[in-house]
Every structure is written in structure tokens, then in C-alpha cells.
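>>> Please work out how this folds:
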Amino acid sequence: MERKDPLDGCTGFEWEEANENKNWDRHRVRAEEAEEVFFNEPLVVGSDVRHSSQEKRYYALGQTNAARHPFVAFTIRGALLRVISVRDMSRKERDAYGKREEDANT
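Presented below is the predicted three-dimensional model:
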């Protein structure tokens, strides 16, 4: 059985000003930079089960146009992708993403 891509049907982004400011203040990531992740390959998207108690949450590992590698936590409301948090990937996340990049290039 094929799993449904949570990004299917998404038509745009929704930002809460407080989250947008927090991501800049704490991690120096702009909203536009976080959005770039979803338009570049490879993109790894998974379910964030640990943080999904109140609503379904996901994470994305990807890269920006400037080759920065962020981790993006998000939810989907209607047809909009709502970024909750974005930061640089941890070493473990970079390793997992690097393996995905290698697979895509072979």
C-alpha cells in the first residue's frame, strides 16, 4: 500500500508572526529560506509522531537555494503548510539526509 504524501494538495504557506520572528531570532532563518526547502531536491518528509498529540505534525529535511540544510517542523491546515520551527540540521539529521542525497545521485 502506497503512503499518501502529506504535501499533496498544499497550495502555499501560512506563517504565524510569532513563529516567524522566533525562527529568525533563535536560528537566523528567514521565512523565505524555510520555504525554499520544499522546492529543492532531495526533500525528505516524515511524520513527527512525538509532537503530534494535538495535531498531525511533520518534519522536512532539505536544502535552500544557498545550500543551507535546515530541519523544518510543520503542520498542514487546509491546503496551507504552516511552518512551526526551522533550524539547521543536527549531525544525525545531516547524516540521514546525506545518505538520501547519495541515493538520489546514484
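>>> what number of residues lie near residue 62?
Burial of residue 62 is recorded as 23 neighbouring residues (other C-beta atoms under 10 Å). C-beta here means a position set from N, CA and C on the backbone, and glycine is covered the same way.
>>> The longest helix anywhere in the chain - contacts with which helices or strands?
Taking DSSP state H as the criterion, the chain has its longest helix at helix 91-104. Helix 91-104 sits against strand 44-47, strand 57-61, with contacts defined as 3 or more C-beta pairs under 8 Å, 6 or more residues apart in numbering; DSSP states H and E.
>>> List the buried residues for stretch 72-90?
Within stretch 72-90, the residues that qualify as buried are 72-76, 81-87, 89, counting by 16 or more other C-beta atoms under 10 Å.
>>> and those residues, which two are the farthest apart?
Within these, 76 and 89 form the most distant pair, 21.4 Å apart (C-beta to C-beta).
>>> so where is the protein shaky, pLDDT-wise?
1-3, 51-52, 101, 103-106 (pLDDT under 70).
>>> Could you pull out the strands in it for me?
12-14, 44-47, 57-61, 70-77, 80-88 (DSSP state E).
>>> State the number of residues packed around the nearest residue to residue 94 once chain neighbours are set aside.
Spatial nearest neighbour of residue 94, chain neighbours left out: residue 69 (6.2 Å); criterion: C-beta to C-beta, 6 or more residues apart in numbering. Residues near residue 69, counting by other C-beta under 10 Å, number 16.
>>> And residue 69, how close does it get to residue 54?
Here the distance between residue 69 and residue 54 works out to 28 Å (C-beta to C-beta, to the nearest Å).
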